[in-house]
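Undergrad: Show me the folded form of this:
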Amino acid sequence: MRWINKFNEILVCVERFLVLTVFSALVLLVFFNILSRNLFHVSFQIILEIAPGLVLWVALLGSTLALNESRHIKLDLLLRFTPENVRVAATILTSVFGMLIMGILFRVSLGFVKNELAIFGAGGGFGFIFPVFFAIAFLRYGIRLLRK
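TA: Here you go, the predicted model:
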């Protein structure tokens, strides 16, 4: 279990770095495009095409961080008033269910990325975040399961 926690800590550091880097790049690119459009009447189409992909990366990487810290959206109002053994059973059940769904979505997302790359070439690479997200989410549900 110790090596899993260490791996998770390293993964969190990498995710935080990526979120910070991608968000900074997004802000700088959009700011540059707005500035160039207003000052020089020149807009860069490539920035307008890249920005939604960067937003997607920030959102999904942020979601994996939220899942790691159990700060994702959850409905646990009823669990607050139940005995401890019911809460543990619910955590185990939701972790197994989460792993199952994330595993299925990971498999499907690999096909999606393959199709995106075949259709759009390198431009379809932004979709690579989907299998990354589902793999990390699968791992986080597994870690949560092992901790119970």
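Undergrad: Please name every helix or strand in contact with the longest helix along the chain.
TA: Identified as the longest helix of the chain according to DSSP state H is helix 2-40. Of the remaining helices and strands, those touching helix 2-40 by 3 or more C-beta pairs under 8 Å, 6 or more residues apart in numbering; DSSP states H and E are helix 45-68, helix 129-147. For every residue, glycine as well, the C-beta is placed using N, CA and C.
Undergrad: so which of those helices gets nearest Arg2?
TA: helix 129-147 (11.4 Å; C-beta to C-beta).
Undergrad: got the contact list for that closest one?
TA: 1, 4-5, 8, 11, 15, 56-57, 60-61, 63-64, 67-68, 70, 91-92, 95-96, 98-99, 102-103, 105-106, 109-110, 112-113 (C-beta atoms under 8 Å, 6 or more residues apart in numbering).
Undergrad: For this structure, give me the ranges with low pLDDT.
TA: Along the chain, segments meeting pLDDT under 70 span 73, 75.
Undergrad: Name the residue most distant from the centre of it?
TA: Farthest-out residue of the chain from its mean C-alpha position, per C-alpha atoms, centre = their mean: Phe40, at 36.4 Å.
Undergrad: which residues does the most centrally placed residue in the chain contact?
TA: Residue closest to the mean C-alpha point of the chain, counted by C-alpha atoms, centre = their mean, is Leu60 at 2.7 Å. By C-beta under 8 Å, 6+ apart, Leu60 lies in contact with Ile129, Phe130, Val132, Phe133.
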